[in-house]
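**Student:** What follows is a predicted protein model with its sequence.
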Amino acid sequence: MKNNRRHTLIVCSIMGLLTLLTMALCSGIGIVRFDIHSLTESPIFWNLRLPRVVLSVIVGASLSVCGVTYQSVFRNPLTDPYVLGISSGASLGAAIAILLGLEAHLWGVGGMALATALLTIVLIFKIAGIGNRMHITTLLLTGVCLTFLITAVISLLMALHHDKMESIIFWTMGSFAAASWLDVWILLPIAIIGIVIAIYHSRDLNLLLTGSETAQSLGVEVEKVRRRLLFFTTLMVAFCVSACGVIGFVGLVVPHCVRIVCGNDNRRLVPYSIFVGAIFLLLCDTAARTLIPPNELPVGSLTSLIGAPMFIYLLYKSKRKI
């Protein structure tokens, strides 16, 4: 056990250094080039480039951990915040907050996004839940239907409020173009709390994969743990959406890539996904802002281009179980 913990700590330390190195490299890439002497006096670097890099790292880590958690809680390898419609639910709350003029309030957009994201979770349990079980087909169809419904509502809101259309489209496509230090300072403590709770319950996540009854018999307070994990992961999703809009499939792509290397043990899967997710989304955002200069691609489109084919592959691979 001690050797496993030491191994995990060593790997996380190496990955942490790799993340910092990637951040340093990506900070210097872009339309505006910086050298070491110009950094200290460059407002573009300190006020635009650096907060964007830091925010993409926090969001990538958060969404990856959320994906790992949802896959264990729902006992379904095909789930993530985007597939389940939770990200879309949070974007509906953000859109409503924009229409109500709550952007200036510290918890305005984030609080409204959290409320609608939690409502989406409740709907998922009510619609897809059969006792303590959730059939994979019903769960996926529920996520797809909720996503379509929420997208239709957001489209209707945009049609009725043309003056706010541009701002709302931002949330639906996902972008770090408007990243600021305020976004970083709001999201950082929420991400730390959510990630720490996921790591703390990593053993419980392993037991939840065996089924509610088995986990209960092994000492896990199933409902209490499930509610706690879902609340804090949904909190992270909501504030990620409020900061940068809907970015899909990060919580699906990263955990599966990490799982191929380190297996299904959440005691390793959760901490490793933090760093892989951070690097993955940082590289996607760097590509989004540099591929076709001076224009910028929405980073949510790039993650979907990577994630959607993987989802189709995993769905095809799991078709005998559906």
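**Tutor:** Received, thanks. Numbering: from 1, shown residues only.
**Student:** mind listing what's buried in the helix or strand that contains residue 315?
**Tutor:** Under the criterion of DSSP states H and E, residue 315 resides in helix 299-317. Residues 299, 300, 302, 303, 304, 306, 307, 311 are the ones in helix 299-317 that count as buried (16 or more other Cβ atoms under 10 Å). Heads up, the C-betas are built off the backbone N, CA and C, glycines and all.
**Student:** quick one: which of these is nearest to residue 241?
**Tutor:** residue 300 (10.5 Å; Cβ to Cβ).
**Student:** quick one: that closest one and residue 247 touch, right?
**Tutor:** Yes. The criterion here is Cβ atoms under 8 Å, and residue 300 meets it with residue 247 at 4.6 Å.
**Student:** where do the contact lists of these two overlap?
**Tutor:** Residues touching both residue 300 and residue 247 by Cβ atoms under 8 Å, 6 or more residues apart in numbering: residue 174.
**Student:** pLDDT weak spots in the chain?
**Tutor:** In the predicted model of the chain, residues 1-3, 33-41, 104-106, 129-134, 136, 318-322 satisfy pLDDT under 70.
**Student:** Which residue ranges of it form strands?
**Tutor:** Assigned by DSSP state E, the strands in the chain fall at 129-130, 133-134.
**Student:** Can you list the residue ranges for helices in the stretch 201-322 of the chain?
**Tutor:** Using DSSP state H, counting those that start in this stretch, the helices of the stretch 201-322 of the chain run over 202-208, 212-217, 222-244, 250-262, 266-290, 299-317.
**Student:** Any idea which of those gets closest to residue 108?
**Tutor:** Nearest of the helices of the stretch 201-322 of the chain (Cβ to Cβ): helix 222-244, 8.6 Å.
**Student:** Sort out which residues of that closest one are buried, please.
**Tutor:** Going by 16+ other Cβ under 10 Å, helix 222-244 has these buried residues: 222, 225-226, 229-230, 232-244.
**Student:** which strands and helices sit next to it?
**Tutor:** The elements that helix 222-244 packs onto, with contact taken as 3 or more Cβ pairs under 8 Å, 6 or more residues apart in numbering; DSSP states H and E, are helix 50-73, helix 86-99, helix 108-128, helix 181-200, helix 202-208, helix 212-217.
**Student:** Need the residues that contact the helix holding residue 315.
**Tutor:** So helix 299-317 is in contact with 56, 77-78, 82-83, 140, 173-176, 244-250, 252-253, 256, 281, 284-285, 287-288, going by Cβ under 8 Å, 6+ apart.
**Student:** same thing but at 6 Å, please
**Tutor:** 78, 173-175, 246-250, 252-253, 284-285, 288 (Cβ atoms under 6 Å, 6 or more residues apart in numbering).
**Student:** same check, this time on stretch 196-209
**Tutor:** 65, 69, 72, 75, 215, 218, 220, 225, 229, 232, 266-267, 270.
**Student:** Could you do stretch 116-133 as well?
**Tutor:** Contacts of stretch 116-133 (Cβ under 6 Å, 6+ apart): 85-86, 89-90, 92-93, 134, 138-139, 142, 212, 230, 234, 237-238.
**Student:** Buried among those residues? Need that as a selection in ChimeraX.
**Tutor:** The following ChimeraX line selects those of those that are buried, judged by 16+ other Cβ under 10 Å:
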select :85,86,89,90,92,93,134,139,142,212,230,234,237,238
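**Student:** Stretch 17-30: how far from the chain's middle?
**Tutor:** 21 Å (Cα atoms, centre = their mean, to the nearest Å).
**Student:** Now that stretch: buried residues?
**Tutor:** 19, 22, 23, 26, 27, 30.
**Student:** Would you mind confirming that the fourth one makes contact with residue 288?
**Tutor:** Yep, that's residue 26 we're talking about. No. Checked against Cβ atoms under 6 Å, the pair residue 26 and residue 288 is beyond contact range at 11.3 Å.
**Student:** circling back: got CSV for the helices of the stretch 201-322 of the chain, with distance to residue 191 too?
**Tutor:** Formatted as CSV, these follow (distance: least, Cβ to Cβ, whole Å):
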stretch, distance to residue 191
helix 202-208, 17
helix 212-217, 26
helix 222-244, 6
helix 250-262, 13
helix 266-290, 9
helix 299-317, 17
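**Student:** Any idea which of these gets closest to residue 188?
**Tutor:** Closest among those, once you apply Cβ to Cβ, is helix 222-244, at 9.9 Å.
**Student:** what's that closest one in contact with?
**Tutor:** 59, 62, 66, 69, 73, 81, 86-87, 90-91, 94, 109-110, 113-114, 117-118, 121, 176, 183, 187, 190-191, 194, 197, 201, 204, 212, 215-216.
**Student:** Cheers, nothing more for now.
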